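A.B. asks: turn this into a model:
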Amino acid sequence: MPVIRVAFLWHMHQPFYKDLATGEYRLPWVRMHGLKDYYGMVKLLSEFPEVHQTFNLVPSLITQLEDYVSGKARDPFLEIALKPAGDLNDHEKRFALTYLFQANTAHLIGRYPRFQELWNRFQSAGQNPERALSSFRTQDFTDLQVLSQLAWFDEYYLLNPDVRMLIHKGHDFTYEDQQFVGKFQQKILASILPAYSQAVKKGSIEISTSPYYHPILPLICDSDQGRVSSPNLPLPQKHFAHPDDAREQIKRGLELHERVFGRRPVGMWPSEGSVSEQTLAIAHELGVQWIATDEGVLGRTAGIAFDRSTTGHLSDANAEKLYQGYLYRQGSTQMKIVFRDHSLSDLIGFVYSGMPAKDAAEHFIKNIKEAAEPVLQEGKDALIPIILDGENAWEFYPGSGREFLRRVYAALQDDPQIEALSIAEALDRQKEYGQLKSLVPGSWINANFNVWIGAPEDNRAWDYLADARDFYEHRAPQVSAEQRATAFEELMVAEGSDWNWWYGPEHHSANDRDFDELYRKHLSNVYQALGAEAPSYLAQPIALSAARPEAALQTAFIHPRIGSEVPRYFDWIGAAMYTADRHSGAMHGKQFLLDAIYAGIDEEHLYGRLDFSELPKEAFFICVDIEVAGGQVNDPEHATRLQLKAEVKGELKDWALRNGHERRVLQLQPQAKVVLVPHRRAFEFELPLHELDLGAGQEFGLRFSVWTDGLPLDALPLEGALPLQVVSDEHELAGNTYR
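C.D. replies: I've put the predicted structure just below:
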């Protein structure tokens, strides 16, 4: 009987937070996730001996963990957490208030009543450390110091009797409690790598690697690769092409794993699933036998659109194409490749945290079986790779997601039709491989590199890196071997993907400024190591703002599932967006109902989404004005206007699309979708482009507003419209500018 081979790959990664010049850690997340996720994720498999998995441990994460275990790590966040509260000066207290509350409010802070109480007090001060300072007493700081660490302790270690006593105590902690928490952290961190080594020896896991400092390999080899998947993408002024650096990053990763775990990895998750033919050739030469990337890369390579039905499943033909291992051959290069199931992986990463564990686990197993059914019906085995971050998602689950994972693993282990295997095991059992003679470069996000290159901030970061790399080539022959080694190490760190993850419009966090400063510090250290002064521009931020973006243009076709009860995060990646600016305007007390709008097109449809911060309590109307440019976008005098108007009385009662001037109702109900999803506080629509008289090259803009009793309550954007353009090929979207 054919079987379903489920191959999990958990990607364990944190940026390189250590400043090599000072030895200081600029952010604490290696330590914090080391306390909460790394040990427990592999330890859990000891309860399910028939469930085998792959863990991808990024080498630079391993070296940072080793630094902490050896006691060499200089972590100012830990120093603040362990210092007697009575000895903290005002600067240190502000530091504590700024950083010690950085945790999931529901599942980490909310788990401990005293932590929640302190958080509420900080919130009441507007989350402003300066304003909150006067309301926090010495005992408050001691309790914050202890609980901010305890909240991250792994579920297994919460069963320790001494830890349980501390939890039961709950408040009024002492300096001795602080010391206990500090020492116990060392115990947790020291248990991580031995736990993985033991699991490898037992055969329950395979450990794969990534390039050492997690660079986007295709862009390190040749930054022009950014334009292959996005032909109109703006590129940096300087061309970056250092394939030898990419080779060194892979080589070091393989060697570190061999030193730590006693065996050389045969598999690799390239950073962010980023692949190109050149990087496959380098990996093959270094002995890598398999790599994994995203289904989107296979789709672009084979000309397949892996569109899913409303239930999330592929067509029978596409299921057969995705659920198998592939063999890539070109010249002397040979590489086995698996392509991650984007939908199933995202369910764990972004959806199941909001569901009861039992329901989520049952839904997941059911989806696996339904996804594989077309392949099994052909008498073939199905290989389903499920690949995702192994650490960050668990903050959003109750109890770090352990109940959900236990239910999933138990179901996998008990089902005779399913084999839960490492990727190497699954590939070894496959009888025939799909064949690939070429590979379109791309990553796991939209099968392109637009997150890391193309935006003004991204390109500036690449230009600064290229300047430092060129300076190294010029200056290295004139300095000592030690200076060369230090400078080159800093360059390798700066090549990591994490810095550009936070530049540009896509991702933002409370630590944007920290990431920006650390990236520029690594580049400055290159010049310092070579006996030169760093350029003055490295003293200025690359990031334009630490706040989340107010607006972004559409960069890729989108295909969202309109009205889905459990939306997929990546449905709207690539859409144009506009977020509410709650700090603008001279009027105090404005009611903010709208949080963000998203809009975009694909080949045939216009999609839109309005996120409410809260729904109005009374009946209201949602209006979407579609301004079709006669001269230019945001030029009302020469624009024609369509208006989508929806009536809401607790639920969506009625809607219509009208010509804005003639007030003529356009009969679109059979061909359009307009929905309100109250529990998500979201309004979404899908309209056919041809029915809107929007043709190729047409520019238009969208404006959303909410009305009651004939008066506007809120609107996004407050001025003008969110610009869009109809194009026949999504590549034309990248780099578009609007007049």
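A.B. asks: does Pro541 belong to a helix, a strand or coil?
C.D. replies: Under DSSP: H, G, I helix; E, B strand; the rest coil, the three-state class of Pro541 is coil.
A.B. asks: need phi/psi at the residue nearest to it when sequence neighbours are not counted.
C.D. replies: Using Cβ to Cβ, 6 or more residues apart in numbering and skipping residues adjacent in sequence, the residue nearest Pro541 is Asp516, 5.3 Å away. Every residue, glycine included, has its C-beta placed from N, CA and C. Main-chain dihedrals, Asp516, degrees, to the nearest 10: phi -60, psi -50.
A.B. asks: neighbours of the closest residue to Leu44 other than its chain neighbours, how many?
C.D. replies: On the basis of Cβ to Cβ, 6+ apart, the spatially nearest residue to Leu44 that is not a chain neighbour turns out to be Leu405, at 6.0 Å. Other residues lying near Leu405 total 23 when counted by other Cβ atoms under 10 Å.
A.B. asks: before we move on, the earlier item: how much space between the residue nearest to Pro541 and Pro535?
C.D. replies: Relative to Pro535, Asp516 is positioned 16 Å away (criterion: Cβ to Cβ, to the nearest Å).
A.B. asks: between these two, who's got more neighbours?
C.D. replies: When Asp516 is set against Pro535 and neighbours are counted by other Cβ under 10 Å, the residue ahead is Asp516, at 21 against 15.
A.B. asks: what's the mean pLDDT across the helix or strand Ala715 falls within?
C.D. replies: Here Ala715, judged by DSSP states H and E, is contained in strand 711-716. What strand 711-716 shows for mean pLDDT is 72.
A.B. asks: which other helices and strands contact the helix or strand just after it?
C.D. replies: From strand 711-716 onward toward the C-terminus, using DSSP H and E, the following helix or strand is strand 722-725. The criterion is 3 or more Cβ pairs under 8 Å, 6 or more residues apart in numbering; DSSP states H and E, and the helices and strands that strand 722-725 contacts are strand 576-579, strand 594-601, strand 699-708.
A.B. asks: tell me the strands beside strand 722-725, with direction?
C.D. replies: strand 699-708 (antiparallel) (DSSP bridges).
A.B. asks: tilt between the strand it pairs with and strand 594-601?
C.D. replies: Regarding strand 699-708 and strand 594-601, their directions subtend 150 degrees when assessed with axes from the mean of the first three to the mean of the last three Cα atoms, to 10 degrees.
A.B. asks: output strand 699-708 in CSV with nothing but the alpha carbons.
C.D. replies: Taking Å, rounded to 0.1, in the frame of the first residue of the first chain, the C-alpha atoms of strand 699-708 are listed here in CSV:
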residue,chain,number,x,y,z
GLU,A,699,-3.7,53.4,-13.1
PHE,A,700,-6.3,53.7,-10.3
GLY,A,701,-6.5,54.3,-6.6
LEU,A,702,-8.5,52.9,-3.7
ARG,A,703,-9.9,54.8,-0.6
PHE,A,704,-11.8,53.1,2.2
SER,A,705,-14.1,54.9,4.6
VAL,A,706,-16.7,54.1,7.2
TRP,A,707,-19.9,56.1,7.6
THR,A,708,-22.9,56.3,10.0
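A.B. asks: now do the helices in the stretch 401-550 of the chain.
C.D. replies: Secondary structure of the stretch 401-550 of the chain by DSSP state H, counting those that start in this stretch: the helices cover 402-414, 423-429, 456-475, 481-494, 498-502, 512-529.
A.B. asks: tell me which of those sits most buried.
C.D. replies: helix 498-502 (a mean of 24; mean count of other Cβ atoms under 10 Å).
A.B. asks: now Thr54: how far from Leu405?
C.D. replies: When Cβ to Cβ is applied, the distance between Thr54 and Leu405 equals 15 Å.
A.B. asks: residue contacts, the residue nearest to Pro541?
C.D. replies: Under the criterion of Cβ atoms under 8 Å, 6 or more residues apart in numbering, the contact list for Asp516 reads 499, 502-503, 541-543.
A.B. asks: look at it and report its pLDDT.
C.D. replies: Listed pLDDT for Asp516 reads 91.
A.B. asks: next: Glu155.
C.D. replies: Taken from the predicted model, the pLDDT recorded for Glu155 is 95.
A.B. asks: that one reaches Tyr397, doesn't it?
C.D. replies: No. Because the distance of 10.8 Å does not satisfy Cβ atoms under 8 Å, Glu155 is recorded as not touching Tyr397.
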